[in-house]
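Undergrad: Okay, here's the prediction I keep looking at, along with the sequence it came from:
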Amino acid sequence: MSLKKVAILGSTGSIGISTLKIIERFPKKFIVTALSAHNNVSLLEKQIKKFNPKYVALQKEKISDLRKRIGTCRVKIFDSGSEIASLVNRKDIDIVILGIQGRAALEPFLEATRCGKVIAPANKEALVMAGDIIMKEARKHKATVIPVDSEQSAIFQCLEGRDKSELKKVYLTASGGSLKNINQARFDKMTVNQILSHPRWSMGKKITVDSATLMNKGLEVIEAMRLFDLPAEKIEVIIHPESIIHSMVEFTDGAIIAQLGVTDMRIPIQYAMTYPKRMETGLAPLDFVKQKFLTFQRPDFKKFPSLKLCYDVARKSGSLPSVLNAANEEVVDAFLKKEIKFSQMYKIVQKVVRRHKTIKNPNLRMILESDRWAREQTRKEISK
């Protein structure tokens, strides 16, 4: 395998940090060409000095601070808000690790597909918003999209080399989040820190809140539809608290193929980077004897209504997923700022989704307009 040049968008987050650990392990296989962060200047400074990238991107307001910190380091600095596409389309970048959260990933995702690069997305929101457009561009420009989310990576691996016409169902597993064993009546009494205490994964705040509401799993249903060209009816969410089976695929003859592994994001990230080859991760293997049992439950749609809402949106599709995603981003941000209660998140998102007049086959401009409209409507509801 020749030396691959890697851009890590979101290098100071959990996905970015895990990716850098992989690159450290294989210095003759990968080299860091570009790093981007939102506003974590101190960690980005350390990463620049350690990995010596040619390009970095950072929030505009933080760029002058970064320049002072890195001194004479020869690195071209981009505004992560307005110039991220200019970073992604560099010819000396082979692989783009997309660890940016939310709608902000849409522009670099599209740019990377149009440049025919290998894209490893850990971001689901861009695919929820404009997955049809992204995958169409990927096919047109011969870009390779290999998902990094553990569940989507599992489906990708289970479907490899299979005739999709023989597919009966995809089982999308979920840990259940921090509220799985909490009575619904107590939800609004939980502190933000309690909600952010995930039983299995160490993730960013936004995705951890989404995991608690099961909105994250609903967004993954839409993401899987786009990535694998599947109808919502063929995707079933199943609660699996041990998070050992990352997802399963059932075929028409009744055979079920599952992808299992320890709960460490370096496994799916590394597979996306080395695809189609596999290499040692250095992680301790899964010990089945210590695991003792694997359990499964059906999701409680009454307790976690966001998941049902996502299925409804998935079936209608069009511009509605963009509205769902935008409204959810706004309410999660408001919840983290303690502006609204936990239970209000679903109520506000549902209200905005129902208010939207769905556009059946939206272009990118319509999708972005729907996103803008939904954020405006959601903020109005939050302010009430």
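TA: That came through, no problem.

Undergrad: for the residue nearest in space to the middle of the chain, what are its contacts?
TA: Centroid-nearest residue in the chain, with C-alpha atoms, centre = their mean: Asn123, separated by 2.6 Å. Asn123 makes contact with 98-102, 105, 109, according to C-beta atoms under 8 Å, 6 or more residues apart in numbering. All C-beta atoms are positioned from the backbone trio N, CA, C, and that covers glycine.

Undergrad: Quick check: which ranges of this protein have low pLDDT?
TA: Within the chain, the segments meeting pLDDT under 70 span 1, 199-202.

Undergrad: all strands for this structure, in order.
TA: Assigned by DSSP state E, the chain shows strands spanning 4-9, 30-36, 55-58, 76-79, 95-98, 118-121, 144-145, 167-174, 235-239, 245-251, 256-260.

Undergrad: buried residues in stretch 365-382?
TA: 367-368, 370-371, 373-375, 377-378, 381-382 (16 or more other C-beta atoms under 10 Å).

Undergrad: How about stretch 140-159?
TA: Applying 16+ other C-beta under 10 Å to stretch 140-159 flags 143, 145-159 as buried.

Undergrad: what does stretch 54-64 contact?
TA: Under C-beta under 8 Å, 6+ apart, the answer for stretch 54-64 is 7, 9, 33-39, 41, 44, 48, 66, 75-84, 87, 90, 92.

Undergrad: Now list the buried members of the residues you listed.
TA: Buried residues within the contacts of stretch 54-64, counting neighbours by 16+ other C-beta under 10 Å: 7, 9, 33-38, 41, 44, 48, 66, 77-80, 84, 87, 90.

Undergrad: Can I get stretch 284-302 in CSV, CA atoms only?
TA: Extracted in CSV, the C-alpha atoms of stretch 284-302 (Å, rounded to 0.1, in the frame of the first residue of the first chain):
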residue,chain,number,x,y,z
ALA,A,284,-7.2,-6.3,22.8
PRO,A,285,-9.4,-8.9,21.1
LEU,A,286,-13.0,-9.5,22.0
ASP,A,287,-13.2,-12.1,24.8
PHE,A,288,-16.4,-14.1,24.3
VAL,A,289,-16.1,-16.0,27.6
LYS,A,290,-15.8,-12.8,29.6
GLN,A,291,-18.8,-11.3,27.7
LYS,A,292,-21.0,-14.2,28.9
PHE,A,293,-24.2,-13.0,27.2
LEU,A,294,-25.6,-10.7,24.5
THR,A,295,-29.1,-9.2,25.0
PHE,A,296,-31.6,-7.6,22.6
GLN,A,297,-34.7,-5.6,23.1
ARG,A,298,-37.2,-3.8,20.8
PRO,A,299,-37.1,0.0,21.1
ASP,A,300,-39.9,1.6,23.1
PHE,A,301,-41.4,4.2,20.7
LYS,A,302,-43.6,5.7,23.4
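
Undergrad: Distance-wise, check the residue lying farthest from the centre of the chain relative to Lys49.
TA: The C-alpha centroid of the chain is most remote from Thr72, which lies 34.9 Å away (C-alpha atoms, centre = their mean). Separation of Thr72 from Lys49 (C-beta to C-beta, to the nearest Å): 11 Å.

Undergrad: Same check on Ala130?
TA: According to C-beta to C-beta, Ala130 and Lys49 sit 36 Å apart.
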